[in-house]
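# Quick one: sequence plus predicted model below, questions after.
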Amino acid sequence: MYDRSVEERLEDTLKLEFDVKMTAAALYDYMLRHTYTSPSGLLGTIAGALLVVASLTVEGGTLYFIAGLVILLYLPWSLFIRSRKQILANPAFKEALHYCLDEEGITVSQKDLTETIPWDTMQKAISTGKSIIVYTSPINAFIFPRKEMGDLTIQVIEHISTHMPPKKVNIKY
């Protein structure tokens, strides 16, 4: 039996590899989180809620209620439709993405394309109930669905937390 060196075993603990097959549900989860934490998403939600509340205080407020309901339901519905369309239209989502988290950063590869993003250029890392999201720019991110990572989820969270400054990481286990 082959006995690996201490360096080879140590390198394995410093590197995590897994595959992610992007789904419409994972993309929708990301879009919801991203939109509802942006100023425009919050403003739309507040406006819709105020119209619904106004409908209760104004005589004949049915129009306010309908307008508020449309505003509140439009955004999640449109994001749901857009996530489905993007999954179908984007060739990168047709096959699994292979991720490698190591000391240098996060490397994503698919077929013969590979890109590495260094840890120090990552914007922030957050979590939802369904995903771990690592922003590489204000609008682009690596999406790691918890369901896809399975048993590696805790290790991925720890790896991200180790390599990014604490003020940039807001991940709940």
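Looks like it came in fine.
# Following element in sequence after the longest helix seen in the chain, please.
When the chain is parsed with DSSP state H, its longest helix is helix 62-89. Where DSSP states H and E defines the elements, the next helix or strand beyond helix 62-89 is strand 97-101.
# If I take the helix or strand just after that next one and strand 97-101, what angle do their directions form?
Downstream of strand 97-101, the next assigned helix or strand under DSSP H and E is strand 105-110. If you take axes from the mean of the first three to the mean of the last three CA atoms, to 10 degrees, strand 105-110 sits at 160 degrees to strand 97-101.
# In the protein, mark out all the helices, start to finish.
Taking DSSP H, the helices of the chain run over residues 6-13, 24-36, 39-57, 62-89, 146-149, 153-163.
# where are the low-confidence patches of this protein?
In the predicted model of the chain, residues 1-13 satisfy pLDDT under 70.
# Outline the domain layout of it.
In the domain annotation for the chain, the residue ranges read 6-21+95-170, 30-89 (automatic domain parsing).
# Take these and lay them out in JSON lines including mean neighbour count.
In this view, the C-beta of every residue, glycine as well, is placed from N, C-alpha and C. Below are the domains of the chain laid out as JSON lines (neighbours: other CB atoms under 10 Å):
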{"stretch": "domain 6-21+95-170", "mean neighbour count": "15"}
{"stretch": "domain 30-89", "mean neighbour count": "14"}
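# Tell me which other helices or strands the longest helix of the chain touches.
Packing partners of helix 62-89 (3 or more CB pairs under 8 Å, 6 or more residues apart in numbering; DSSP states H and E): helix 24-36, helix 39-57.
# Nearest to residue 125 among those helices would be which one?
helix 24-36 (12.3 Å; CB to CB).
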